[in-house]
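A.B. asks: what would the 3D arrangement of this be:
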Amino acid sequence: MKLSAFSPDSVGDGFLAVQEQMSVGDFLAALLVSLAAAAAASLLYRFFYERRGTGSQIHRAFPLLSLAVTTLFIGVQLSLPLSLGLLGSLSIIRFRTPIKEPEEVGFIMLVIAAAICAATKQFAFILYLYLFALAALVAARGAAAVRWLRRDGVLVLTLPAEAALAKADEIEKALAAHLPRYTLESASTRNGMSTNQYVFGGLRDASELQKALFAAAPFAAVNVFLERPGGIR
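C.D. replies: Residues are numbered from 1 along each chain as shown. This next block holds a predicted model:
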């Protein structure tokens with residue numbers, strides 16, 4: 001079996017064949033658009049999620065991820081044998097580090113989708129994708145803001161089961177007097193003790209609420225868990 005000799009002419013012919021499908025200008029334009037989309041995704045991540053305490057700041061990888069995915073899909077388009085080889089080589093890659101926040105998956109897919117659109121020169125799709133992504137993030141933030149404004153925390157009441165039945169009216173009156181908004185989330189009885197969990201909003205004075213509850217029934221415990229720094233408005 002005779003191997004063909006390597007020659008500069010063969011390299012030049014291959015480069016010309018690639019140029020016929022995608023020019024250098026198109027390639028650079030795809031990379032620039034992909035990089036700009038990654039920067040936009042990074043800004044969205046930092047604005048909506050960077051203040052999360054458990055985040056991994058994955059937005060720092062968005063520029064390299066977008067450039068790599070764009071180049072990868074451009075290479076796949078230009079050569080069918082190369083695309084099959086890439087599928088085989090990428091199948092051995094495993095990501096074993098757990099993702100700390102679920103929204104990170106969404107942002108990674110957003111960057112990958114924009115990179116693929118850039119690689120296929122569907123630049124308008126990137127604009128539409130990011131407009132809808134921004135609208136979805138704003139809607140999610142608005143829904144969270146409504147819940148945040150209406151909810152201060154969780155109240156957990158523990159008392160003997162018999163007292164819970166006998167003092168139900170007094171407990172309701174104490175709650176209504178100190179909580180503008182409250183909803184019973186769960187109620188359970190075990191070993192003669194009843195535990196009721198309420199979601200509340202509009203609490204002004206936690207100590208007064210606890211005093212009123214202890215006066216209304218023989219509670220074993222009255223726990224107030226506030227969900228925000230600073231707690232009560």
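
A.B. asks: may I have stretch 165-178 exported as PDB, CA atoms only?
C.D. replies: Presented in PDB, the C-alpha positions along stretch 165-178 are these (Å, rounded to 0.1, in the frame of the first residue of the first chain):
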ATOM      1  CA  LEU A 165     -58.400  20.700  68.800                       C
ATOM      2  CA  ALA A 166     -59.600  22.400  72.000                       C
ATOM      3  CA  LYS A 167     -57.800  25.700  71.300                       C
ATOM      4  CA  ALA A 168     -58.300  25.900  67.500                       C
ATOM      5  CA  ASP A 169     -60.400  29.100  67.700                       C
ATOM      6  CA  GLU A 170     -58.100  30.900  70.100                       C
ATOM      7  CA  ILE A 171     -55.100  30.000  67.900                       C
ATOM      8  CA  GLU A 172     -56.900  31.400  64.800                       C
ATOM      9  CA  LYS A 173     -57.800  34.600  66.600                       C
ATOM     10  CA  ALA A 174     -54.100  35.100  67.700                       C
ATOM     11  CA  LEU A 175     -52.900  34.500  64.100                       C
ATOM     12  CA  ALA A 176     -55.500  36.800  62.600                       C
ATOM     13  CA  ALA A 177     -54.600  39.600  65.100                       C
ATOM     14  CA  HIS A 178     -50.900  39.600  64.200                       C
END
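
A.B. asks: what comes into contact with it?
C.D. replies: 157, 159, 164, 182, 198, 203-205, 208-209, 212-213, 215-218 (Cβ atoms under 8 Å, 6 or more residues apart in numbering). (Glycine included, C-beta is placed from N, CA and C.)

A.B. asks: restricted to helices, list those.
C.D. replies: 164, 208-209, 212-213, 215-216 (DSSP state H).

A.B. asks: and the chain, what are its domain boundaries?
C.D. replies: Split into domains by automatic domain parsing, the chain comes to 11-146, 151-226.
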